[in-house]
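> structure of the sequence below:
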Amino acid sequence: MLLARPFAALTLALVVSVGACSEAPVEETTGPSGQVVASSVTAASGVIVTSEDENTEEGVVDSEDVELKPVADPIAALPPTELPLTLLATQRAPDPADAAATIRNDDSGVIRQYRVGDPLADDATLAAVSIGAVQIQRPGDSESLSIRKETVELREGDVYYPDLVEPEDFVGVLSQGLQLPPGLHYVVKRPDNAYGTPRTVRAIQDAVRAYRQKVTGGPQIHIGDLSRRGGGAFPPHLSHRHGRDVDVGYVLHGGEADDIRFHHAGAHNLDVPRTWALLSAFLEAGKAHYVFLDYGLQGLLYEHAIAEGIGPDRLAEVFQYPRGRHAPQGIVRHWRGHVNHFHVRFRE
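Model (predicted):
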């Protein structure tokens, strides 16, 4: 289950400043008397500075001839959206189709950059980008989202892994999905939500088989959600839309070990050797794109991997730990909500 991951709790004043303090574009327009008027748009003030004087020689403009006129942004004039989104920055481009905007989904805490045409929600698309505002197209309606005047503070639950974002992370269908069948060494929690691509289903089976070849005894492996039949939105999951994600329970000690329900894991109940063997099998079975796993549990597995003789290069490749739970390195990374299972995304 992919939820939201902590991001450094800091203010966004710098981000907004970068977006607002770039060099103002200079445009040429025609004044009432037919002469060319130089116009400079200033994002911070929201005004347009124009100079108009037929008698001005050699381009020298007297300060008394400078007039400030408000900018009429047709996007900002649209009705504001009620979607739970926060616009953090905008990036225009010579081709308007290449413009982009950095937006936080306030419900999930996910921060990502969207380009024109990208979906913002199931029924909303980024249609256009201007200075400090974006147009959102919904069925039969156009709305606006503007950068707030007040400073936006990033929250502990916000997440921004720019290297892991894929265009289809928040949309997707599963046209050739297979249902993960029952297995001898694993149990599927909810078979109706266990549809994946053929490669993902095979990778899960291969991982469990490889795990059992290394490890004897212990409970069955608990397989959680993949995707629904046909894919698509799968609340409360953020991902699990196109058959390449799977939730896997940690291997536990004690009375919770055989319970099909996912239980919170920690030093008191985590079977570290078996969980490390299981994680390793998934990393090796299907070219995992990434794995989300609680940062504290990463530390337990990391120390065990060192004791097993895993080299520093492989440790650095696999683990985000010990670089901090905000570090964008490692296949295995922290994301809030993964203290009772880990989440694997396979490459397709």
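> below-threshold pLDDT in the stretch 201-348 of the chain: ranges please.
232, 234-238, 286 (pLDDT under 70).
> tell me where it has helices.
In the stretch 201-348 of the chain, the helices defined using DSSP state H, counting those that start in this stretch lie at 272-285, 295-307, 312-318.
> same check, this time on the stretch 51-200 of the chain
Assigned by DSSP H, counting those that start in this stretch, the stretch 51-200 of the chain shows helices spanning 198-214.
> dump the helices of the stretch 201-348 of the chain into a markdown table; add distance to Ser144 and mean neighbour count as well.
For every residue, glycine as well, the C-beta is placed using N, CA and C. Formatted as a markdown table, the helices of the stretch 201-348 of the chain follow (distance: least, Cβ to Cβ, whole Å; neighbours: other Cβ atoms under 10 Å):
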| stretch | distance to Ser144 | mean neighbour count |
| --- | --- | --- |
| helix 272-285 | 44 | 21 |
| helix 295-307 | 38 | 18 |
| helix 312-318 | 44 | 13 |
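> report pLDDT for Gln176.
Here the pLDDT value assigned to Gln176 is 79.
> wait, Pro119
Pro119 is assigned a predicted lDDT (pLDDT) of 85.
> let's have the helices of the stretch 201-348 of the chain in TSV, adding distance to Arg190.
Output for the helices of the stretch 201-348 of the chain, formatted as TSV (distance: least, Cβ to Cβ, whole Å):
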stretch	distance to Arg190
helix 272-285	19
helix 295-307	23
helix 312-318	29
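> Asn340 is nearest to which of these?
Evaluated over these, closeness to Asn340 peaks at helix 295-307, with 9.9 Å, by Cβ to Cβ.
> what's that closest one in contact with?
250, 265-267, 270, 272-273, 275-276, 279, 293, 315, 318-322, 325, 332, 334, 339 (Cβ atoms under 8 Å, 6 or more residues apart in numbering).
> what angle do that helix and helix 272-285 make?
Using axes from the mean of the first three to the mean of the last three Cα atoms, to 10 degrees, the inter-axis angle of helix 295-307 relative to helix 272-285 is 90 degrees.
> for helix 295-307, C-alpha coordinates in CSV please.
Taking Å, rounded to 0.1, in the frame of the first residue of the first chain, the C-alpha atoms of helix 295-307 are listed here in CSV:
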residue,chain,number,x,y,z
TYR,A,295,13.0,3.5,8.0
GLY,A,296,13.3,2.0,11.5
LEU,A,297,12.9,-1.5,10.1
GLN,A,298,15.4,-0.7,7.4
GLY,A,299,18.0,-0.2,10.2
LEU,A,300,17.3,-3.7,11.6
LEU,A,301,17.7,-5.3,8.2
TYR,A,302,20.7,-3.2,7.3
GLU,A,303,22.6,-4.3,10.4
HIS,A,304,21.7,-7.9,9.7
ALA,A,305,22.9,-7.6,6.1
ILE,A,306,26.3,-6.3,7.3
ALA,A,307,26.5,-9.3,9.7
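> report the beta-bridge partners for Ser130.
Beta-bridge pairing for Ser130 (DSSP bridges): Ala133.
> so who does it touch?
73, 75-76, 90, 92.
> how near is Gly230 to Ala127?
27 Å (Cβ to Cβ, to the nearest Å).
> more crowded one of those two?
Each of Gly230 and Ala127 has its neighbours counted (other Cβ atoms under 10 Å); Ala127 has more, 17 against 11.
> from Ala77, how far out is the more buried one?
14 Å.
> burial count for the closest residue to His263 other than its chain neighbours?
The shortest distance from His263 to any residue other than its chain neighbours is 4.4 Å, reached at Glu256 (Cβ to Cβ, 6 or more residues apart in numbering). Look at Glu256: counted by other Cβ under 10 Å, it has 16 neighbours.
> so Glu256 sits against Asp271, correct?
No: using Cβ atoms under 8 Å, Glu256 is not in contact with Asp271, being 10.7 Å away.
> tell me which of the contacts of Ser130 fall in strands.
Counting by DSSP state E, those place Thr90 in strands.
> looking at the contacts of Ser130, spot the one nearest Glu143.
Set against Glu143, the nearest of those by Cβ to Cβ is Ile75 (9.7 Å).
> please report phi then psi for the closest one.
Phi and psi for Ile75, reported as degrees, to the nearest 10, are phi -70, psi -50.
> okay, now it: neighbour count?
20.
> and Pro182, by the same measure?
Number of residues near Pro182 (other Cβ under 10 Å) recorded here: 10.
> near Tyr211, how many other residues are there?
Neighbour number of Tyr211 under other Cβ under 10 Å is 22.
> find the nearest non-adjacent residue to it, please.
Ala281 (4.2 Å).
> how about Arg138?
Per Cβ to Cβ, 6+ apart, closest to Arg138 is Ala124, 5.1 Å.
> again, but for Asp106
Nearest one to Asp106, counting by Cβ to Cβ, 6+ apart, is Pro84 at 4.1 Å.
> show residues contacting stretch 210-223.
Contacts for stretch 210-223 (Cβ under 8 Å, 6+ apart): 180, 185-189, 194, 204, 208, 246-249, 251-252, 257-258, 260, 262, 271, 273-274, 277-278, 281, 284-285, 341.
> who's in contact with stretch 193-202?
Stretch 193-202 is contacted from outside by 174, 176-180, 188, 204, 223, 225-231, 234, 242-246, 286, 346, 348, using Cβ under 8 Å, 6+ apart.
> coming back round to it: ok, and the most crowded of the contacts of Ser130?
Thr90 (22 neighbours).
> count the residues that sit near Glu308.
Using other Cβ under 10 Å, Glu308 has 11 other residues around it.
> alright, I will stop here.
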